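Enquirer: starting from these lines, generate the structure:
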Amino acid sequence: MEKITQSGSTTSPITRLFYIHDPMCSWCYAFSQSWAALQAELPENIAINYLAGGLAPDTTEPMSLSMQHTIQQVWQQIEQTVPGVSFNYDFWSRNTPFRSTYQACRAVLAARKQHAASEPEMVRAIQRAYYQNALNPSLPDTLQGCAQVIGLDVAVFARDLSSTEIDNCLQHEIRQSRQLGVSSYPSLRLVHNNSNYPIPIDYLNHQTMRNEIKCIIRETTLTKFAPG
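Expert: Modelled structure (predicted):
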């Protein structure tokens, strides 16, 4: 299956690493440093593909107080678990939060449409706006501000954000993530020689994931070429 890699080149790689995420997922934010370190040490012949998993569908209903409390507890758990990760709790007093992440997912896809390299940049921009600057990433104004920060054409971005094309793309990626057996974020799936391998997420040590990937590739390659 032909894929567009993060660099923007069109290839048909044998080995692909899918990163299934949601830009408003707090555990994805906690994973960002380990994920960056893992990417830096992957062999060049492994293509990296982002998939927006869509954590919570569109809604105009404000988030319930119980859900707000639950998410704040998750933030506290992450801060106690992953060194160096912190959250700006002013978000909860400055905004009307919505339990809706699809619009932020569409923003990532709209950024990719303008330039493939802008996809991870948009993810980071949304995370900074949400978790560090206490801005509401469910709102188009916030997302357009993120687009401006990373140098996108904001007018084109705004049109794409509400387009049927981008929404269809999101629905396709949600289905694709389900086909890979993903039900939580962040998730990693290594597709090698047409087989799908889950890679356990490690928030603290990227080397465990790197070693797991190398081990899978080595063992499946040896099995493939072993005399029968």
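Enquirer: for stretch 40-58, measure first residue to last.
Expert: 34 Å (CA to CA, to the nearest Å).
Enquirer: could you do stretch 130-145 as well?
Expert: Note: stretch 130-145 ends 12 Å apart using CA to CA.
Enquirer: next, the buried residues of that stretch.
Expert: Neighbour-count burial for stretch 130-145 flags Tyr130, Tyr131, Ala134, Leu135, Asn136, Pro137, Ser138, Leu139, Thr142, Leu143, Gln144, Gly145 (criterion: 16 or more other CB atoms under 10 Å). C-beta coordinates here come from the backbone N, C-alpha and C atoms, glycine included.
Enquirer: show me the residues you listed that map onto strands.
Expert: Per DSSP state E, strands hold no members of these.
Enquirer: could you tell me which of those belong to helices?
Expert: Here DSSP state H is the test, and the buried residues of stretch 130-145 give Thr142, Leu143, Gln144, Gly145 as lying in helices.
Enquirer: farthest pair in the buried residues of stretch 130-145?
Expert: Taking CB to CB as the measure, those span a maximum distance of 18.6 Å, between Tyr131 and Gln144.
Enquirer: helix, strand or coil: sort out Gly54 for me.
Expert: The assignment at Gly54 comes out as coil when based on DSSP: H, G, I helix; E, B strand; the rest coil.
Enquirer: count the neighbours of the closest residue in space to it that isn't next to it in sequence for me.
Expert: Nearest residue to Gly54, sequence neighbours excluded (CB to CB, 6 or more residues apart in numbering): Ile174, at 4.4 Å. Around Ile174 there are 20 other residues, counting by other CB atoms under 10 Å.
Enquirer: least trustworthy helix or strand in this structure by mean pLDDT?
Expert: strand 3-4 (a mean of 35; mean pLDDT, DSSP states H and E).
Enquirer: against which helices or strands is the helix or strand where Arg175 lies packed?
Expert: Per DSSP states H and E, Arg175 falls inside helix 164-179. If you count contacts as 3 or more CB pairs under 8 Å, 6 or more residues apart in numbering; DSSP states H and E, helix 164-179 packs onto strand 46-52, helix 102-114.
Enquirer: could you point out the helix or strand that follows that helix?
Expert: strand 187-192.
Enquirer: and that following strand, average pLDDT?
Expert: The average pLDDT for strand 187-192 rounds to 96.
Enquirer: for the helix or strand following that strand, buried residues please.
Expert: Once the chain leaves strand 187-192, the next helix or strand it forms, by DSSP H and E, is strand 195-199. Of all the residues in strand 195-199, those buried under the rule 16+ other CB under 10 Å are Tyr197, Ile199.
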